[in-house]
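*Asks:* Got a sequence here, can you model it:
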Amino acid sequence: MTEQQRTTQILERSTAGGSAVVDGSGGEPAVKAGAARSDAMSAAKESLEDYTLRFAPRSYRKWSAGVVATSALGGIAYLADFSIGANIAISYGTGNAILGVLVAAAVIFATGFPLAYYAARYNIDLDLITRGSGFGYYGSVVTNVIFATFTFIFFALEGSIMAQGLELGLGIPQWIGYAASTVIIIPLVVYGMNTLAKLQVWTTPLWLLLMVIPVGYLVVSHPESIDSFFAYTGKSGDSGMNLASVMLAAGVCLSLMAQIAEQIDYLRFMPPRTAANKGAWWRAVILAGPGWVIFGAIKQIVGMFIAVYLIATLDPAASAHANEPVHQFLGVYREMMPAWLAMTLAVVLVVISQIKINVTNAYSGSLAWTNSFTRITKTYPGRMVFVILNLAVALVLMEANMFEFLNTILGFYANCAIAWVVTVAADIAINKYLLKISPKLPEFRRGMLYAVNPVGFVSMLVSAGVSIAVFFGAFGPSVQPYSPIFAVGLALVLPPLLAVLTRGKYYLRRTDDGIDLAMLDSEGNPSQAKLLCHVTGIEFERPDMLRSAQDGPDGEPQYISSLALSTDKTGELVLPAQK
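*Replies:* Numbers count the residues shown, from 1 in each chain. Predicted coordinates for the structure are as follows:
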């Protein structure tokens, strides 16, 4: 019997009478009323599909490394990269824009690697990684808000692109297109990884075909477009490299740094790493983890290339729409085929791309909001509540025409995303592995962590605050373009500095979780041994469990899942701090 089937049976038995649970002393049901138990049971039931608040157990992770990687990479099908590339090329010229893309890609890859590894190795999402990497149990809530903001900004951006396609191809007014692009996503995110994996795998071949063929055609049939591309100087009109322009372009691209969190929402379902699958496991983690930015950078440069082609070769006035992907691909398709077919394929490409990325945006955003709300209130309202909230905010942004202010929005947001991701990456790479101050095994369970750890929390706030001030010109216009450098530099230096100053005191509230079972198996993977949670009556795998502060009726130890503990309003089940 699978964990899902067993949990469903227990939930059906326990909820039939209203509040019966297994009490952990022999498996007999004990009727115990209380909102905390009700919330724990609701959270357990919903997490059968997406494991919203918890470690992803081995019993659920049945996909191969290749399927997980394909699903994760399906989430980067967004067309925003083409808009970003076009915008920065038009603003700063091709040469500066390409250098900006490469600078951003290098930073994103380097910082994304340790995060992707921890997610795949220990099967936890970025919020759970962040908790034990310098932020604390409640301190990581602020990073969840940063990530949730990322999801609705990019949902709105992709929804705007879809609305542009619907207006151009079908004559649908943009305000209706915004609503349609939002509503269509709701039924697709009701379920979790099972549904998303199928959607991403099935749609990827068609998406690749529609993307690659027109670009290849353009390069082969119009080789002169390559010279025009590299000669394009943008609005500035300056030839040659300008460092300020490069950094402004990089700052816009670095707004995508939080994309690693969405990649991790898939990578946490990686199979255990063994001697037999080691090569495939590492390829999947690198390609679908930090490697996403390689594909992203290629799309940004392609977006520049098509935009410059439209402006320089077809119509100089095309710059008004050259940053809109539907116009970019339509312009190329029209040279390859009849106008009606070109329009059809352009709209199909836009719709497929929007759906592929926005199911991920809606899914990941709902996880982030749910996680934060449950941790703060100890109440589990259900993930769908936050799916609707996330989509509602995105719809407001679309109706407010955020597309017109894309560079400014992304440039500002980049500072927050950089501060968070680089801080966590620095804690893992430097504090865990180099200085060995931060515990190497990730910890995320309530009671094991302090509420707030100043190492990561303060580092992120300072680096974000300073870089945002620089971005808005607080230190003068000559320094303003370099806000990403301040964000990266401070987030890299402050975590080890604060870890040394605090001597690692605020990482762990406890070093013993009260369970005399190994956390990892012989190959270093999270153990699949199971223990019974006395609150829900469900067996959870070892990494998700710790001893309850409440012993059984005969004084015997009882165990509780991190899921149930997160909804304990009284705190009576939380183990005391170790002295």
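*Asks:* What residues sit buried inside stretch 110-122?
*Replies:* Using 16 or more other Cβ atoms under 10 Å as the burial criterion, the residues of stretch 110-122 that qualify are 111-122. All C-beta spots, glycine's among them, are computed from the backbone N, C-alpha and C.
*Asks:* wouldn't E335 be in contact with S221 here?
*Replies:* Yes: with contacts counted by Cβ atoms under 8 Å, E335 reaches S221, the gap being 7.4 Å.
*Asks:* So for those two, which residue has more residues nearby?
*Replies:* Using other Cβ atoms under 10 Å as the criterion, E335 and S221 rank with E335 on top: 15 against 11.
*Asks:* Tell me how far that one lies from G169.
*Replies:* 18 Å (Cβ to Cβ, to the nearest Å).
*Asks:* before we move on, the earlier item: can you pull the residues that touch both of E335 and S221?
*Replies:* Common neighbours of E335 and S221, using Cβ atoms under 8 Å, 6 or more residues apart in numbering, do not exist here.
*Asks:* low-confidence ranges in the stretch 151-300 of the chain?
*Replies:* For the stretch 151-300 of the chain, the stretches flagged by pLDDT under 70 are 190-201, 203, 236-239.
*Asks:* now the strands: where do they sit in it?
*Replies:* In the stretch 151-300 of the chain, no strands are defined using DSSP state E, counting those that start in this stretch.
*Asks:* swap in the stretch 401-550 of the chain?
*Replies:* Using DSSP E, counting those that start in this stretch, strands in the stretch 401-550 of the chain cover 530-532, 539-541, 545-547.
*Asks:* Can you say which of those strands is nearest to Q328?
*Replies:* The closest of those to Q328 is strand 539-541. By Cβ to Cβ, the value is 47.2 Å.
*Asks:* Does the closest one pack against any helices or strands, and if so which?
*Replies:* Using 3 or more Cβ pairs under 8 Å, 6 or more residues apart in numbering; DSSP states H and E, the elements in contact with strand 539-541 are strand 530-532.
*Asks:* Show the average pLDDT along the strand it packs on.
*Replies:* Average pLDDT, strand 530-532: 93.
*Asks:* Partner strands of it and their direction?
*Replies:* With DSSP bridges as the test, strand 530-532 is paired with strand 539-541 (antiparallel).
*Asks:* got the contact list for the partner strand?
*Replies:* By Cβ under 8 Å, 6+ apart, strand 539-541 touches 3, 6, 54-55, 57-59, 526-533, 561, 563.
*Asks:* Only whichever of the residues you listed are buried, select them in PyMOL.
*Replies:* Buried members of the contacts of strand 539-541, defined by 16+ other Cβ under 10 Å, are picked up in PyMOL with:
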select buried, resi 3+54+55+57+58+59+526+530+531+532+533+561+563
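*Asks:* residues touching the residue nearest to K432 when sequence neighbours are not counted, list them.
*Replies:* Among residues not flanking K432 along the chain, S438 sits closest, at 4.4 Å (Cβ to Cβ, 6 or more residues apart in numbering). By Cβ under 8 Å, 6+ apart, the contact set of S438 is 132-134, 427-428, 431-432, 455, 499, 504, 507.
*Asks:* how about 10 Å then?
*Replies:* By Cβ atoms under 10 Å, 6 or more residues apart in numbering, the contact set of S438 is 132-134, 426-428, 430-432, 453, 455-456, 495-496, 499, 504, 507-508.
*Asks:* Could you count how many residues lie near the residue lying closest to L243 once chain neighbours are set aside?
*Replies:* Once flanking residues are discounted, L243 sits nearest to P481: 8.0 Å by Cβ to Cβ, 6+ apart. Using other Cβ under 10 Å as the criterion, P481 is surrounded by 21 other residues.
*Asks:* Contacts only, for P481.
*Replies:* The contact partners of P481, taken as Cβ under 10 Å, 6+ apart, are 242-251, 411, 470-471.
*Asks:* right, and the strands of the stretch 401-550 of the chain - which one's nearest G165?
*Replies:* strand 539-541 (44.3 Å).
*Asks:* Could you identify the helix or strand that succeeds whatever helix or strand M343 lives in?
*Replies:* Taking DSSP states H and E as the definition, M343 sits inside helix 339-377. For helix 339-377, the following helix or strand on the C-terminal side (DSSP H and E) is helix 383-399.
*Asks:* now the angle from that following helix to helix 339-377?
*Replies:* Interaxial angle, helix 383-399 versus helix 339-377 (axes from the mean of the first three to the mean of the last three Cα atoms, to 10 degrees): 130 degrees.
*Asks:* helices or strands up against helix 383-399?
*Replies:* For helix 383-399, the elements it packs on are helix 35-50, helix 141-170, helix 174-183, helix 339-377, judged by 3 or more Cβ pairs under 10 Å, 6 or more residues apart in numbering; DSSP states H and E.
*Asks:* mean confidence score for whatever helix or strand V332 lives in?
*Replies:* Using DSSP H and E, V332 maps to helix 325-336. Per-residue pLDDT values over helix 325-336 give a mean of 81.
*Asks:* Return that helix as CSV; C-alpha atoms alone will do.
*Replies:* Output of helix 325-336 as CSV, limited to C-alpha atoms (Å, rounded to 0.1, in the frame of the first residue of the first chain):
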residue,chain,number,x,y,z
PRO,A,325,7.2,38.1,-28.3
VAL,A,326,4.0,37.6,-30.4
HIS,A,327,5.2,40.3,-32.8
GLN,A,328,8.7,39.0,-32.8
PHE,A,329,7.7,35.4,-33.9
LEU,A,330,4.9,36.6,-36.2
GLY,A,331,7.4,38.8,-38.1
VAL,A,332,9.6,35.7,-38.7
TYR,A,333,6.8,33.3,-39.4
ARG,A,334,5.4,35.6,-42.1
GLU,A,335,8.6,35.2,-44.1
MET,A,336,8.3,31.4,-43.9
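*Asks:* Run the chain-centre distance for that helix.
*Replies:* 30 Å (Cα atoms, centre = their mean, to the nearest Å).
*Asks:* Repeat that for stretch 118-138.
*Replies:* Relative to its chain's centre, stretch 118-138 lies at 13 Å (Cα atoms, centre = their mean).
*Asks:* Now do the end-to-end distance for it.
*Replies:* For stretch 118-138, the first-to-last residue distance is 20 Å (Cα to Cα, to the nearest Å).
*Asks:* how about the CA coordinates for stretch 140-155, as PDB?
*Replies:* C-alpha atoms of stretch 140-155 as PDB (Å, rounded to 0.1, in the frame of the first residue of the first chain):
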ATOM      1  CA  SER A 140      12.500  32.800   6.200                       C
ATOM      2  CA  VAL A 141       8.900  34.000   6.000                       C
ATOM      3  CA  VAL A 142      10.200  37.300   4.500                       C
ATOM      4  CA  THR A 143      12.000  35.300   1.800                       C
ATOM      5  CA  ASN A 144       8.800  33.500   1.000                       C
ATOM      6  CA  VAL A 145       7.100  36.900   0.400                       C
ATOM      7  CA  ILE A 146      10.000  37.800  -1.900                       C
ATOM      8  CA  PHE A 147       9.500  34.600  -3.900                       C
ATOM      9  CA  ALA A 148       5.700  34.900  -3.900                       C
ATOM     10  CA  THR A 149       6.100  38.400  -5.300                       C
ATOM     11  CA  PHE A 150       8.400  36.900  -8.000                       C
ATOM     12  CA  THR A 151       5.600  34.500  -9.000                       C
ATOM     13  CA  PHE A 152       2.900  37.000  -9.400                       C
ATOM     14  CA  ILE A 153       5.100  39.600 -11.200                       C
ATOM     15  CA  PHE A 154       6.100  37.000 -13.800                       C
ATOM     16  CA  PHE A 155       2.600  35.500 -14.000                       C
END
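*Asks:* quick one: buried residues of it?
*Replies:* 140-144, 146-155.
*Asks:* and the residue nearest to F55 when sequence neighbours are not counted, how many residues sit next to it?
*Replies:* Spatial nearest neighbour of F55, chain neighbours left out: D544 (4.6 Å); criterion: Cβ to Cβ, 6+ apart. Counted with other Cβ under 10 Å, the neighbours of D544 add up to 26.
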